[in-house]
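Q: need a structure here:
(4 chains)
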Protein chains: 2
Amino acid sequence: MSKNGQAKLERHRLLSRYLQGNPFLTDEDLAHILGVSIQTIRLDRADLNIPEMRERVKKMARGVYRHLRAITGKEIVGELVELEVGREGLSILNVTEEMTLQKTRVLDGRYLFAQANSLALALIDTDVALTGTAKVSFKRPVFKGEKVLARAIITRKKGNKYMVRISSYVKDELVFQGKFLVFDLSEEVRRLENSP
Amino acid sequence: MSKNGQAKLERHRLLSRYLQGNPFLTDEDLAHILGVSIQTIRLDRADLNIPEMRERVKKMARGVYRHLRAITGKEIVGELVELEVGREGLSILNVTEEMTLQKTRVLDGRYLFAQANSLALALIDTDVALTGTAKVSFKRPVFKGEKVLARAIITRKKGNKYMVRISSYVKDELVFQGKFLVFDLSEEVRRLENSP
DNA sequence: CTCTGCATTAGTACCTGGTACTAATAATAA
DNA sequence: TTATTATTAGTACCAGGTACTAATGCAGAG
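A: Below is the predicted model:
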């Protein structure tokens, strides 16, 4: 068993390392690389509790998936907790690892903007609203684990234009402030649809 | 063909969105969800140039893989096509279906903001840069299929503060304009790291 | 009303990258 | 030499497809 078993152990080590370096290798690839049969590779994987390539790849993909969805997936960033359409609203954003910048560990500013923008649009009582202009100010960095509470108030309304003021806090500290000029475009859209 | 073709187009839109929301769905899942046969789903995917689930998942996984190994690992929206650090830069964003709002079919403003913000930060020659304030203006809606060219120029520099002006165009039409005040925080970070 | 053309569905053969299992064949230790 | 362990071979089966052919539906044009 000694000589035989050592070769096996050594191969197990190599196998793990190869897969660590490149998880996309199939059993066939590995059999080639290690100069053994495909069955041996399968037995080795079974010994080492290493799943098949497709499962490995899926697992990795699921990792990014969350990261990706965090910003692009949803149209609304943050959770609406209070909404009085046409007046004011409240939204909470839980800052998770995926939302932070790798280097600084600070919440990516786009999330604060997105949260504010989502909330501003939600406030307008219409199907179709778009942001015209915005002036935003990032007051202090936000870190993982913090909860950002955004409060929005409609300060002015003139025709189909709304001015929305947003202040975002972590606890009692102001971290972000913005003014959004939002347009209600439902009329324009209706006109367009009725005259194709 | 009108009624039939419209149903198809609508299904294509839904399909894209479902897969955007969850790229792990198999053809069988999609057939169930959309209430059509599996063959129809395959034809739709062919029309839309959407690869099979395993390929999609692999692509995502490879994405992470690069992400993990990337030296810079910057979260950039849009593709950098020109960058003269400290002076100016150019970035292109291809607007796809997934980036548009469902109701209006218009590019979600956050993408324009994110593209501009990414570009502004990339311009600063440092490891750690954060946006302080921003004033942005959305000039006209952008639609699927359009290419947004963002041009950024550093207009002022004062200590660790940079003023970056960004203008984004579709062809020759201005669609977005913004001013970003960006801070270079590398000094602060170094100080913090040296005194733990 | 029938004909044409696209949309949809059905079905088949085949592929990759496996699992799960059985059996035969080395290689080694006792 | 024999028992033990490692390796290889082979088979049946599976998911999730591709690629192709053929049948059926269904709307609009003439």
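Q: how does chain A divide up, domain by domain?
A: A:2-65, A:74-194 (automatic domain parsing).
Q: So for the longest helix belonging to chain A, what gets flagged as buried?
A: The residue-count maximum for a helix in chain A (DSSP state H) belongs to helix A:2-21. Within helix A:2-21, the residues scored as buried using 16 or more other CB atoms under 10 Å in any protein chain shown are A:Lys8, A:Arg11, A:Leu15, A:Leu19. In short, each C-beta sits where N, CA and C put it, glycine included.
Q: residue contacts, the second one?
A: Which is A:Arg11. A:Leu34, A:Val36, A:Thr40, A:Asp44 (CB atoms under 8 Å, 6 or more residues apart in numbering or on different chains).
Q: Most neighbours out of those, which is it?
A: A:Asp44 (21 neighbours; other CB atoms under 10 Å in any protein chain shown).
Q: quick one: it and A:Ser16 touch, right?
A: No. Look at A:Asp44 against A:Ser16 with CB atoms under 8 Å: they stay out of range, at 9.3 Å.
Q: Between the two, which contacts overlap?
A: Contacts common to A:Asp44 and A:Ser16, judged by CB under 8 Å, 6+ apart, are A:Ile50.
Q: so how far is A:Ile124 from A:Ser167?
A: Using CB to CB, to the nearest Å, A:Ser167 is found at 18 Å from A:Ile124.
Q: what do you get for A:Glu98?
A: A:Glu98 is 29 Å from A:Ile124, by CB to CB.
Q: Which one of those two is surrounded by more residues?
A: Neighbours per residue, other CB under 10 Å: of A:Glu98 and A:Ile124, the larger number sits with A:Ile124, 22 against 16.
Q: A:Arg156 - that's part of a helix, no?
A: No. Assessed with DSSP: H, G, I helix; E, B strand; the rest coil, A:Arg156 is strand; it does not lie in a helix.
Q: is it true that it touches A:Met163?
A: Yes. Using CB under 8 Å as the test, A:Arg156 is close enough to A:Met163 to be in contact (4.1 Å).
Q: Pick out whichever of the two has more residues nearby.
A: Neighbour comparison, A:Arg156 and A:Met163: the larger count goes to A:Met163, with 17 against 10 (by other CB under 10 Å).
Q: show me what contacts the more buried one?
A: A:Ile154, A:Thr155, A:Arg156, A:Lys157, A:Lys179, A:Phe180, A:Leu181, A:Val182.
Q: most neighbours, which of those residues?
A: Neighbour-wise, the contacts of A:Met163 (other CB under 10 Å) top out at A:Phe180, 26 neighbours.
Q: Tell me which strands the strand or helix carrying it pairs with, and in which orientation.
A: Using DSSP states H and E, the element containing A:Phe180 is strand A:173-184. When pairing is defined by DSSP bridges, strand A:173-184 lines up against strand A:129-138 (antiparallel), strand A:161-170 (antiparallel).
Q: closest one to DNA strand C among those?
A: Smallest distance to DNA strand C across those (CB to the nearest atom of the strand): 31.8 Å, for strand A:129-138.
Q: Please report how far the nearest residue to A:Asp27 once chain neighbours are set aside lies from A:Gly89.
A: Nearest non-adjacent residue to A:Asp27, counting by CB to CB, 6 or more residues apart in numbering or on different chains: A:Ile41, 4.6 Å away. Counting by CB to CB, the gap from A:Ile41 to A:Gly89 is 57 Å.
Q: picking that back up, now compare the contacts of A:Met163 and name the two farthest from each other.
A: A:Lys157 and A:Lys179 (13.9 Å; CB to CB).
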